[in-house]
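Asker: following is a predicted model, sequence given first.
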Amino acid sequence: MSFPLLASWRRESAYYTYLYCQFLIGVPYFIFNTYVLYQIQVVGFLIGTDVDGQPCTTYCIVPWGGTRLDLNTVLLYMNALGFPLGGALMIILSAYSDFWDQKHLLITICFVLTGALSIPVYWLQHFTVSDFQYLSGIAITFGIATMITGSLLNVYVPYCMRNADAANTGTDLLHDAPMKRIGNEDNTRGRSYGFVMSILGSVTNYVGSILMLVLGIILSRTLSGNAAQTAGLLITTIVGFLTVVGSAVAYRGFPPIPARPRSKGNWFRPILELFKPFNDLVVRKNMSALLVSYTVYTDCTIAISSVVSQLFLAEIHPSALEWSLYSLAASLTGLLCPLIFLWIRPWVKVRLETWLLGGYILILVIPVWGCVGLANVDLGFKVWVNYVASGPLQNSTHELRFPIVISLVFLIVSIVVEICRGTLSAFEIDRKRWKCVDKATFANSTASTITDRGSKESVDICNKA
């Protein structure tokens, strides 16, 4: 007796394990960032003062790192520490993992670390300076761990794409139907496979957060007093234990990915790989422009979320229940938008670049809204390239509105770069050339061998064309 779902799991274990792991990382990530950051800000407002030593109102001065800083400055510096360190470690580990076929073991270790960092937060619920310092330190480390985990998970997207193209036979009821409706410009199963896989990974990521937030709302409604206020921290700790246990599925479910060949004793080869992406940025103009515009856009959304959350806390003074509902609204939006996009894209025949530009313009509405004075509260946002620069200014003025102009400028730059990338002939020629290289390299590769020779030959062929 055969079971279709079981057979599909065995045939595509990497695909299903990827979706499971996106769910697994989404649970601690959103819960931690919801309740731990809420606790940090609540504790900050209770232990801090204004510049006159009076209780906090719209801003707060707190002890941090051996000095006293504006609470929003602390959040900016936490991001300024987390993103560069996480990015550097992510690049180093990714470079070395290319030469190691046990990537699933590395992912498992990252999941265990992520869960372990979530476990102690329930016992850090006191309104003291020490708990404030511990929570901020754990939050920085947690952000680094989840950044590395997410990047390593994405390694399995191109792996599954290659397998899909190599085994372009048969029918899969779970995947083929949505893929045929994507209308992918390249008309290859592998690219459509990766497209759907990425979207469904985002969906399962938000499903995990929604389930935990709903649980947090239920506990906040049923419990009373301090137990209701700290219910989120209890859930975060429990989720930490579950993440550690659930990481075993990642180890068992992900297949080993073939490692790149490395000559014996050539230990510095992975180090040289660190510089290869920078070389690609130099020769691939289209990719460089996309990276610049998308990086600014992505980090602006993170910064917007960070500052709006503090603004919400300062102006509304929400309870744990109200904070959970606030976070749930964001998670529901994150769940519905990819599904709506996946559904309407086959009927709206525009390129992905057009959708991307639309997203840039959509978020631009928020800083414009603040700049023209339509907002009724002091509103301002910051981007990552501005974290360290804005920190001292924020610490001196305690004003949330002034950085909005900087944020607006960066978002406009992002839109201009993307428009140039889509309209200038130099970028279009570069895109077609490297598209030819990627297709030729893809055709010469298999899921079981990874070499540099095919890539070099492909470049020569496309240069001659």
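Answerer: Nice, thanks for sending it over. On a predicted model such as this, the values are computed, not experimentally measured, just so you know. Residues are numbered from 1 along each chain as shown.
Asker: now do the helices in the stretch 1-150 of the chain.
Answerer: Ranges of helices in the stretch 1-150 of the chain, per DSSP state H, counting those that start in this stretch, are 4-11, 13-31, 37-47, 71-97, 103-118, 129-153.
Asker: quick one: which of those helices is nearest residue 275?
Answerer: helix 71-97 (9.3 Å; CB to CB). C-betas here are computed from N, CA, C, even on glycine.
Asker: give the burial count for residue 242, as a bare number.
Answerer: Residue 242 has 15 neighbours, counted by other CB atoms under 10 Å.
Asker: now do residue 152
Answerer: 24.
Asker: that one: what's its closest spatial neighbour, skipping adjacent residues?
Answerer: Excluding the flanking residues, the one nearest residue 152 by CB to CB, 6 or more residues apart in numbering is residue 107, at 5.0 Å.
Asker: quick check, residue 59 in contact with residue 70.
Answerer: Yes. Applying CB atoms under 8 Å, one finds residue 59 in contact with residue 70, separated by 6.1 Å.
Asker: mind pulling up the pLDDT for the residue nearest to residue 152?
Answerer: pLDDT for residue 107: 89.
Asker: ok so, going back, of residue 59 and residue 70, which one has the most company?
Answerer: Each of residue 59 and residue 70 has its neighbours counted (other CB under 10 Å); residue 70 has more, 25 against 22.
Asker: measure the more buried one to residue 38 for me?
Answerer: Per CB to CB, to the nearest Å, residue 70 is found 18 Å from residue 38.
Asker: how about residue 58?
Answerer: As judged by CB to CB, residue 58 and residue 38 stand 18 Å apart.
Asker: kindly report the same for residue 139.
Answerer: Taking CB to CB, one finds residue 139 at 11 Å from residue 38.
Asker: next up, phi/psi of residue 224, please.
Answerer: Here is the backbone geometry of residue 224 (degrees, to the nearest 10): phi -140, psi 160.
Asker: returning to what we had before: compare residue 58 and residue 38 and say which is more crowded by neighbours.
Answerer: It is residue 38, of residue 58 and residue 38, that has more neighbours when counted by other CB under 10 Å, with 22 against 13.
Asker: surely the more buried one meets residue 322?
Answerer: No. The criterion here is CB under 8 Å, and residue 38 misses it with residue 322 at 10.3 Å.
Asker: how close does residue 331 sit to residue 282?
Answerer: The value you get for residue 331 to residue 282, if CB to CB is used, is 39 Å.
Asker: which of the two has more neighbours?
Answerer: The residue with more neighbours, out of residue 331 and residue 282, is residue 331; 22 against 9, by other CB under 10 Å.
Asker: and the gap between the more buried one and residue 255?
Answerer: Separation of residue 331 from residue 255 (CB to CB) stands at 31 Å.
Asker: ditto for residue 347
Answerer: Applying CB to CB to residue 347 and residue 255 gives a distance of 36 Å.
Asker: so for those two, which residue has more residues nearby?
Answerer: Set residue 347 next to residue 255 and count neighbours by other CB under 10 Å: residue 255 wins out with 15 against 8.
Asker: quick one: contacts for that one?
Answerer: Contacts for residue 255 (CB atoms under 8 Å, 6 or more residues apart in numbering) come out as 13-14, 104.
Asker: ok, residue 26 next?
Answerer: So residue 26 contacts 204-209 (CB under 8 Å, 6+ apart).
Asker: dump those to TSV, plus distance to residue 118, pLDDT and secondary structure.
Answerer: Formatted as TSV, the contacts of residue 26 follow (distance: CB to CB, whole Å; pLDDT from 0 to 100; DSSP: H, G, I helix; E, B strand; the rest coil):
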residue	distance to residue 118	pLDDT	secondary structure
204	19	90	helix
205	16	88	helix
206	18	90	helix
207	18	90	helix
208	13	86	helix
209	13	87	helix
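Asker: of those residues, which is the nearest to residue 93?
Answerer: Using CB to CB, residue 205 comes nearest to residue 93 of the contacts of residue 26, at 20.8 Å.
Asker: skipping its backbone neighbours, what lies nearest that closest one in space?
Answerer: Per CB to CB, 6+ apart, closest to residue 205 is residue 26, 3.6 Å.
Asker: and the gap between the one you found and residue 323?
Answerer: According to CB to CB, residue 26 and residue 323 sit 18 Å apart.
Asker: same deal with residue 223?
Answerer: According to CB to CB, residue 223 stands 15 Å off from residue 323.
Asker: compare these two (neighbour count), which wins?
Answerer: Using other CB under 10 Å, the more surrounded residue of residue 223 and residue 323 is residue 323, with 27 against 16.
Asker: give the contact list for that one.
Answerer: The neighbours of residue 323, taking CB under 8 Å, 6+ apart as the test, are 34-35, 38, 232, 313.
Asker: average pLDDT for the helix or strand harbouring it?
Answerer: For residue 323, the enclosing helix or strand under DSSP states H and E is helix 320-344. Averaged across helix 320-344, pLDDT comes to 86.
Asker: just stretch 86-103 next, same as before
Answerer: pLDDT averaged over stretch 86-103 gives 77.
Asker: how about the CA coordinates for that stretch, as PDB?
Answerer: Output of stretch 86-103 as PDB, limited to C-alpha atoms (Å, rounded to 0.1, in the frame of the first residue of the first chain):
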ATOM      1  CA  GLY A  86      25.700  38.900  11.700                       C
ATOM      2  CA  GLY A  87      26.500  39.800   8.100                       C
ATOM      3  CA  ALA A  88      30.200  39.200   8.500                       C
ATOM      4  CA  LEU A  89      29.700  35.800  10.200                       C
ATOM      5  CA  MET A  90      27.100  34.900   7.600                       C
ATOM      6  CA  ILE A  91      29.500  35.500   4.800                       C
ATOM      7  CA  ILE A  92      32.400  33.600   6.400                       C
ATOM      8  CA  LEU A  93      30.200  30.600   7.300                       C
ATOM      9  CA  SER A  94      28.600  30.600   3.800                       C
ATOM     10  CA  ALA A  95      32.100  30.600   2.200                       C
ATOM     11  CA  TYR A  96      33.400  27.800   4.200                       C
ATOM     12  CA  SER A  97      30.200  25.700   4.000                       C
ATOM     13  CA  ASP A  98      30.600  25.600   0.200                       C
ATOM     14  CA  PHE A  99      33.500  23.300   0.800                       C
ATOM     15  CA  TRP A 100      31.700  21.100   3.400                       C
ATOM     16  CA  ASP A 101      28.900  18.700   2.500                       C
ATOM     17  CA  GLN A 102      27.500  18.700   6.100                       C
ATOM     18  CA  LYS A 103      25.600  22.000   5.700                       C
END
